[in-house]
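Visitor: Build me a model:
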Amino acid sequence: MKKKRIINDSQTDPNKILPMTYLWAREHYKNGIANNWVPEEISMQQDVEQWRSPDFLTERERRLIIWNLGFFSTAESLTANNLVLAVYRHVTNPECRQYLLRQAYEEAVHTDTFIYCCDSLGLDPDEIFNMYNTIPSIAQKDAFVINLTKSIFDPNFSTQGKENIRRFVHDLIGYYVIMEGIFFYAGFAMMLALKRQNKMVGIGEQFEYIMRDESIHLAFGCDLINTIVKENPEVWTEDFQNEIVELIKKAVILEKKYAYDACPEGLLGINAQQFSDYVEYIADRRLERIDLPKVYYKENPFPWMSQSTDLNKEKNFFETRVTEYQSAGSLEWE
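Guide: Numbering: from 1, shown residues only. This next block holds a predicted model:
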């Protein structure tokens, strides 16, 4: 019998999920369920008071918060569109599709988070949701990913044939590794740095939840990419690997530019260079995850990022929660 494949498998019925072939997809689905949350479970009262206080936040901090809300609000929609309109169509394996449906739900929750934050703080939605047009470093990141993933949006695109499979892997790397795995992380670090100073804690907690979700998205995406490559080793040429490394290096430049633009003078005890070092540290981890060599060899300048998303150490994290996470130990947050 011909071995089942994750794409281009005409013998697999996408409506028949049992027996499963890719158990890692099922594991990511269960981890996603364990991370279930909605933004309204987190109180914004303290954030509202701090935002309305004329002296509590500096203008630099207010700008940083608005920029991150602006970037993430549209980035989440961009990732959801990639997922629902393109990736799901080409990955026909049923257990992978089950996870993709779960991820699509989480992207909707993330979009709802920014609606909740804007409504709570009384922000101008036109300003927040239009920053991908008005802020150059945000626009450049979004345009970079749109260009990277344009092939799979082509209604005539097919994953049949070596070149098309390679293009599909290329676009998946743009979506999962670059967008979700690199372009989100300077913003995560900035918002969690504010939370460590007891500023805008409600938004900070929501960013923690989003970061946990994104970590699972990234893990699924890398497993998907690695499985396609394993089943189609002819696409993973040295030239293609070098192309991917160069794309990730360009992405790092764009994310570092955003880090300096959004937080040019740093925060208390943290400077923009550290945010840039963190992006390079993260990029090396992403490269290793898809079996490519490290480029930057930076130490993690923010070891507390792991601690802030380690459920075992967040004793008070669930005081206002309806439910708790069921299993955290198996997840790798960065």
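Visitor: residues touching Arg286, list them.
Guide: The contact partners of Arg286, by C-beta atoms under 8 Å, 6 or more residues apart in numbering, come to 177, 181-182, 218, 222, 248. Backbone N, C-alpha and C define where each C-beta goes, glycine included.
Visitor: For Asn156, which three-state class applies?
Guide: What DSSP: H, G, I helix; E, B strand; the rest coil gives for Asn156 is coil.
Visitor: can you tell me how far it sits from Lys249?
Guide: Distance of Asn156 to Lys249, computed by C-beta to C-beta, to the nearest Å: 31 Å.
Visitor: Neighbour count for these two, which is higher?
Guide: Taking other C-beta atoms under 10 Å, Asn156 and Lys249 do not tie; Lys249 has more neighbours (14 against 4).
Visitor: Check the offset of the host helix or strand of Ile146 from the chain's centre.
Guide: For Ile146, the host element (DSSP states H and E) is helix 136-148. Between the centre of helix 136-148 and the centre of its chain there are 15 Å (C-alpha atoms, centre = their mean, to the nearest Å).
Visitor: And the contacts of it?
Guide: With C-beta under 8 Å, 6+ apart as the test, helix 136-148 has contacts from 67, 70-71, 74-75, 78, 131-133, 170-171, 173-175, 178-179, 183, 247, 250-251, 254-255, 257-258, 261-262.
Visitor: out of the residues you listed, which are buried?
Guide: For the contacts of helix 136-148, a neighbour count by 16 or more other C-beta atoms under 10 Å gives the buried set as 67, 70-71, 74-75, 78, 131-132, 170-171, 173-175, 178-179, 183, 247, 251, 254-255, 257-258, 261-262.
Visitor: Now intersect these with the helices, please.
Guide: Judged by DSSP state H, the subset of the buried ones among the contacts of helix 136-148 located in helices is 67, 70-71, 74-75, 78, 131-132, 170-171, 247, 251, 254-255, 257-258, 261-262.
Visitor: rewinding a little: now do the buried residues in the helix holding Ile146.
Guide: For helix 136-148, by 16+ other C-beta under 10 Å, it's 137-138, 140-142, 144-145, 148.
Visitor: CSV for the residues you listed, including pLDDT and distance to Ile17?
Guide: What follows is these, written out as CSV (pLDDT from 0 to 100; distance: C-beta to C-beta, whole Å):
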residue, pLDDT, distance to Ile17
Ser137, 94, 42
Ile138, 94, 39
Gln140, 95, 40
Lys141, 94, 36
Asp142, 90, 34
Phe144, 93, 35
Val145, 88, 30
Leu148, 85, 30
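Visitor: Of these, just say which sits nearest to Ser43.
Guide: Closest approach to Ser43 among those (C-beta to C-beta): Ile138, at 28.4 Å.
Visitor: Pull up the gap between that closest one and Lys162, please.
Guide: Distance from Ile138 to Lys162, counting by C-beta to C-beta: 36 Å.
Visitor: Check Ile282 too.
Guide: 31 Å.
Visitor: More neighbours: the two, which one.
Guide: Comparing Ile282 with Lys162 by other C-beta under 10 Å, the one with more neighbours is Ile282, at 24 against 11.
Visitor: Roughly how far does the closest residue to that one other than its chain neighbours sit from Arg52?
Guide: Spatial nearest neighbour of Ile282, excluding adjacent residues (C-beta to C-beta, 6 or more residues apart in numbering): Tyr185 at 4.9 Å. According to C-beta to C-beta, Tyr185 stands 30 Å off from Arg52.
Visitor: Which one of those two is surrounded by more residues?
Guide: A count of neighbours by other C-beta under 10 Å puts Tyr185 above the other of Tyr185 and Arg52, at 25 against 11.
Visitor: Need the pLDDT of the more buried one.
Guide: On pLDDT, Tyr185 comes in at 91.
Visitor: which among the buried residues of helix 136-148 gets closest to Met211?
Guide: Of all the buried residues of helix 136-148, Lys141 has the smallest distance to Met211: 17.5 Å, by C-beta to C-beta.
Visitor: now this protein, which segments are flagged as low pLDDT?
Guide: The model of the chain has pLDDT under 70 over residues 1-3, 307-334.
Visitor: Regarding it, what is its longest helix?
Guide: The chain, longest helix under DSSP H: helix 201-231.
Visitor: Can you mark which positions in that helix are buried?
Guide: Using 16+ other C-beta under 10 Å as the test for burial, helix 201-231 gives 201-229, 231.
Visitor: Next: stretch 283-302.
Guide: Along stretch 283-302, these residues count as buried under the neighbour rule (16+ other C-beta under 10 Å): 283-287, 289-290, 292, 298, 301-302.
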